[in-house]
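1. Next come a sequence and a model predicted from it.
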Amino acid sequence: MAIYIYNTLARQKEEFLPGEPGRVNMYVCGVTPYAPAHIGHGRSAVAFDVVRRWLTRRGYQVSYVYNLTDIEDKIFAASQRESRDWKELAEGYAEQYLTEMQALAVLPPTHMPRASEHIPEIVALVQRLVESGHAYAIGGDVAFHVPSFPEYGRLSRRDLDQQVVGARVEEDTRKRDPRDFFLWKAAKPGEPSWQSPWGMGRPGWHIECSAMSVKYLGDGFDIHGGGTDLIFPHHENEIAQSEAGTGRPLARYWMHNGMVNVVAGEASGDTEKMAKSLGNITALGETISRVGGPVLRYYCVAAHYRSDITFDDSSLEQAAAALERLRIGRQTLDRLVQSAPVKLKGVGLTELQDTVARAQAEFEEAMDDDFSTPRALAALHGLVSTVNRLGASAGADFSVSDRGRQTLVQAKETLVSLASALGLVLEAGPVAHGLAEDLIRLLIDVRQQAREAGQYAIADAVRARLGALGITLEDRPEGTTWRRG
């Protein structure tokens, strides 16, 4: 089946046809490590990790480049505030971010270039633009002349007035046009600098991605990704400087993930984008420590990657509960596979077999349709629903034939495999440090109340049910404790 991707450049879904059969070259704009990463950074990384995983699963050899912007004004400002070397500061936050990516089960990229390690490539691209008349020097600075690239604005679809407003962050009367942006900046006291034909200086933000993407993926590659907040001016500028320099389209497909929003006012219920500049961020590492990486990953994939999502405790609790349902389904299948040969009651294995086939087909159809993770998850939960009904009908006298056991094994393998395509791990283990523990404690309290009331059958049933989920209870003089296994 063909894969369809929503191309921001075309504003519609298009069939995915890579430049080279069987291969996908993919570039995603990474973080600027000047402070701890927030939930929005994690959401973007997970979104494109899912894209990469699915393309790989569909048989493509994926070359995935994810950059770190370690030369940027915010890094230099932070280094001065913290009295730290800029490179040490950037690498420190980068390492912290990479640890958080591991917790979110984000696969390591094929290449993770730093801007500071690619100064020769950046200088060469700037020089090419100057020589071709697309850029001009102003003392030690070099600016890209936007009117020299007539197609400027086709990604963001902004008119001239909007482009001028967006350019005011770099307003400079020396520029030939207000929309012009700097490719190279002359050295300033206290900032790192490198030698260039225009004197000591450093690259601008936009040119870094162009130079690094071309180095690792060539003059024209398949997918360029990033957040919707990067469409203008960053990606618009990337297109202009790259295509003016190479004469070829920068990327065939432009993909952009939606923003993570937070409630701006309790009374109004209005939301705003989570951003360091707004001071409304929730640190990625703090949330991972609180709820665990798997729950946060589920939260990220529960919505379509192009949708804006709201971050709050309620959303995390829903993600924890949903992930636990999938894990319970896997545990139920483990239990049923190990049953002794007696008699099957209730839901039949034929229904399960049909459900497995349907879940597989629905999952693949959803993912091929612009990576629709909500529909893919719905297929998984549909499978688990049948599994749980089968498990509920299977008492002590439950068992299956060898052929039936093969059906159960197939169901388990399908569930685990499809979940893995989303980066979700269904192995036994607590999925949350908050909600899951609270639910277990609630059941323990219910059991204790039943024992005190002499309702031992209920108390024993709670213990047995928790045991089936891998929770072992230990009654001690000081109270009941629990553990996995």
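-> Looks like it arrived, so ask away.
2. Now do the buried residues in the helix or strand residue 47 falls within.
-> Assigned by DSSP states H and E, residue 47 belongs to helix 39-57. Buried residues in helix 39-57, counted by 16 or more other CB atoms under 10 Å: 39-55. Bear in mind the C-beta positions are built from the backbone N, C-alpha and C, glycine included.
3. Over to stretch 215-232?
-> 215-217, 220-232.
4. One more: stretch 307-326?
-> Applying 16+ other CB under 10 Å to stretch 307-326 flags 309, 311, 316-324, 326 as buried.
5. just stretch 372-380 next, same as before
-> Those would be 372-373, 376-377, 379-380, for stretch 372-380 by 16+ other CB under 10 Å.
6. could you dump it to PDB, C-alpha only?
-> Provided in PDB are the C-alpha atoms of stretch 372-380 (Å, rounded to 0.1, in the frame of the first residue of the first chain):
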ATOM      1  CA  SER A 372      -2.300   8.600  11.900                       C
ATOM      2  CA  THR A 373      -1.300   7.400  15.300                       C
ATOM      3  CA  PRO A 374      -4.700   7.900  17.000                       C
ATOM      4  CA  ARG A 375      -6.300   5.500  14.500                       C
ATOM      5  CA  ALA A 376      -3.400   3.100  14.900                       C
ATOM      6  CA  LEU A 377      -3.800   3.100  18.700                       C
ATOM      7  CA  ALA A 378      -7.600   2.500  18.300                       C
ATOM      8  CA  ALA A 379      -6.700  -0.600  16.400                       C
ATOM      9  CA  LEU A 380      -4.500  -1.800  19.200                       C
END
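7. who's in contact with it?
-> The contact list for stretch 372-380 (CB atoms under 8 Å, 6 or more residues apart in numbering) reads 50, 301-305, 322, 326, 358-360, 362-363, 365-367, 369, 415, 418-419, 421-422.
8. ok, 6 Å please
-> For stretch 372-380, the surrounding residues in contact (CB atoms under 6 Å, 6 or more residues apart in numbering) are 301, 304, 359, 362-363, 366-367, 418.
9. just these now: which is nearest residue 146?
-> Residue 146 has its nearest neighbour among the contacts of stretch 372-380 in residue 304, at 33.3 Å by CB to CB.
10. quick one on the thing from earlier: show me the buried residues of stretch 307-326 that map onto helices.
-> If you go by DSSP state H, those have 316-324, 326 in helices.
11. ok so, going back, go ahead and build a ChimeraX selection from the buried members of the contacts of stretch 372-380.
-> Filtering those down to the buried ones (16+ other CB under 10 Å) takes a single ChimeraX command:
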select :301,304,359,362,363,366,367,418
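12. mind putting the contacts of stretch 372-380 in a markdown table, pLDDT and distance to residue 390 included?
-> Listed next are the contacts of stretch 372-380 as a markdown table, based on pLDDT from 0 to 100; distance: CB to CB, whole Å:
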| residue | pLDDT | distance to residue 390 |
| --- | --- | --- |
| 301 | 98 | 26 |
| 304 | 98 | 31 |
| 359 | 98 | 14 |
| 362 | 98 | 19 |
| 363 | 98 | 20 |
| 366 | 98 | 24 |
| 367 | 98 | 26 |
| 418 | 98 | 18 |
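13. pLDDT below threshold where in this structure?
-> Under the criterion pLDDT under 70, the flagged ranges of the chain are 160-171, 264-270, 276-278, 339-348, 394-402, 428-438, 470, 476-479, 481-485.
14. Three-state assignment for residue 34, please.
-> Look at residue 34: counting by DSSP: H, G, I helix; E, B strand; the rest coil, its state is coil.
15. Would you check that it makes contact with residue 76?
-> No - counting by CB atoms under 6 Å, residue 34 does not reach residue 76; the two are 8.6 Å apart.
16. ok, the two, which is more surrounded?
-> residue 34 (22 against 19; other CB atoms under 10 Å).
17. Report the contact partners of that one.
-> When contacts are counted by CB under 6 Å, 6+ apart, residue 34 touches 74-75, 78.
18. All set, thanks.
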